[in-house]
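Q: got a structure for you, letters missing:
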């Protein structure tokens, strides 16, 4: 991967080397490339952003078309589009942009720019298999159904809610994802068999009051913490 430093008319452009990855012919998954140096330069000099250039070569130095090598570009389904991940921090130090990620599929014996028909993914920004993204769902807990009304006076039940949904990369702001969840999702893209996706879980809980009899048959009113899910997110 190179940064285009200066475009030259009628001859090769000036390029700045960024990163190199060595892959086997049968490799598949996401190809991750470090473009931090280029992003730092662009942040300081916005008008110098001339883009990136990707080259694929064999071990003996022969150039190979990225599409024929298995790299998917702008014609790929939305879930396999190349993207850049940027981390910002509030400091005077240069902002780090650690990775540019491009999808890679296994090379087929017949050279082709298209994915096999059975491997195409739907253009679904909400996650795989059409599943909804992580969010809060309705759940009413009935103390009568639990057989607790012999000691609980009130209420007879309450809306507890629960969290369910998919935490697939990229994690949007609506998913309330932690930094750890974002990084775990990135690693999952590269090693799906070794690292699971982030999990949908409560990020904010509230209390609810319960009037009940204690073991001495005294009437107690107590506010119990973390009883109601107020918000969900990816963890």
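A: Noted; the coordinates are in hand. This one's a predicted model, so the numbers in the text were calculated from it and none came from an experiment. Residues are numbered from 1 along each chain as shown.

Q: in which helix or strand would I find residue 231?
A: Residue 231 belongs to strand 219-234 when assigned by DSSP states H and E.

Q: Could you list the low-pLDDT ranges of this protein?
A: Confidence mapping of the chain against pLDDT under 70 gives the ranges 8-13, 79, 87-131, 172-174.

Q: Helix or strand next in line after the lengthiest helix in it, which one?
A: The helix of greatest length in the chain, counted in residues with DSSP state H as the criterion, is given as helix 179-190. The helix or strand immediately downstream of helix 179-190 is strand 200-213, counting by DSSP H and E.

Q: Give me the contact list for the longest helix of the chain.
A: Surrounding helix 179-190, the residues in contact under the criterion C-beta atoms under 8 Å, 6 or more residues apart in numbering are 29-30, 32, 85, 99, 101, 167-171, 177, 195-198, 233-235. Using the backbone N, CA and C atoms, a C-beta is placed for each residue, glycine as well.

Q: Recalculate using a threshold of 6 Å.
A: 29-30, 169, 171, 195, 197-198, 234-235 (C-beta atoms under 6 Å, 6 or more residues apart in numbering).

Q: which other helices and strands contact the strand holding residue 231?
A: Helices and strands touching strand 219-234, as assessed by 3 or more C-beta pairs under 6 Å, 6 or more residues apart in numbering; DSSP states H and E, comprise strand 135-137, strand 200-213.

Q: Redo these as a markdown table? Include mean neighbour count and distance to residue 43.
A: Conversion of the helices and strands packed on strand 219-234 to a markdown table gives the following (neighbours: other C-beta atoms under 10 Å; distance: least, C-beta to C-beta, whole Å):
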| stretch | mean neighbour count | distance to residue 43 |
| --- | --- | --- |
| strand 135-137 | 16 | 34 |
| strand 200-213 | 15 | 31 |
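
Q: would JSON lines of those with distance to residue 163 be doable?
A: Formatted as JSON lines, those follow (distance: least, C-beta to C-beta, whole Å):
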{"stretch": "strand 135-137", "distance to residue 163": "6"}
{"stretch": "strand 200-213", "distance to residue 163": "5"}
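
Q: now for those, which one comes closest to residue 60?
A: Residue 60 sits nearest to strand 200-213 of all the helices and strands packed on strand 219-234, at 48.1 Å, using C-beta to C-beta.

Q: and that closest one, what does it pack onto?
A: Taking 3+ C-beta pairs under 6 Å, 6+ apart as contact, the helices and strands that strand 200-213 lies on are strand 152-154, strand 162-164, strand 219-234.

Q: Show me the contact partners of that strand.
A: Applying C-beta under 6 Å, 6+ apart, the external contacts of strand 200-213 come out as 134, 151-154, 158, 163-165, 167, 176, 220-221, 223-233, 235.

Q: Quickly run through the sheet partners of that strand, with directions.
A: Applying DSSP bridges, strand 200-213 is found paired with strand 152-154 (antiparallel), strand 219-234 (antiparallel).

Q: Including mean neighbour count and distance to residue 25, could the ones you listed go into JSON lines?
A: What follows is the strands paired with strand 200-213, written out as JSON lines (neighbours: other C-beta under 10 Å; distance: least, C-beta to C-beta, whole Å):
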{"stretch": "strand 152-154", "mean neighbour count": "14", "distance to residue 25": "65"}
{"stretch": "strand 219-234", "mean neighbour count": "15", "distance to residue 25": "35"}
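
Q: could I get those strands as JSON lines with distance to residue 2?
A: Formatted as JSON lines, the strands paired with strand 200-213 follow (distance: least, C-beta to C-beta, whole Å):
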{"stretch": "strand 152-154", "distance to residue 2": "68"}
{"stretch": "strand 219-234", "distance to residue 2": "34"}
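
Q: now for these, which one comes closest to residue 52?
A: Among those, strand 219-234 comes nearest to residue 52, with 28.9 Å by C-beta to C-beta.
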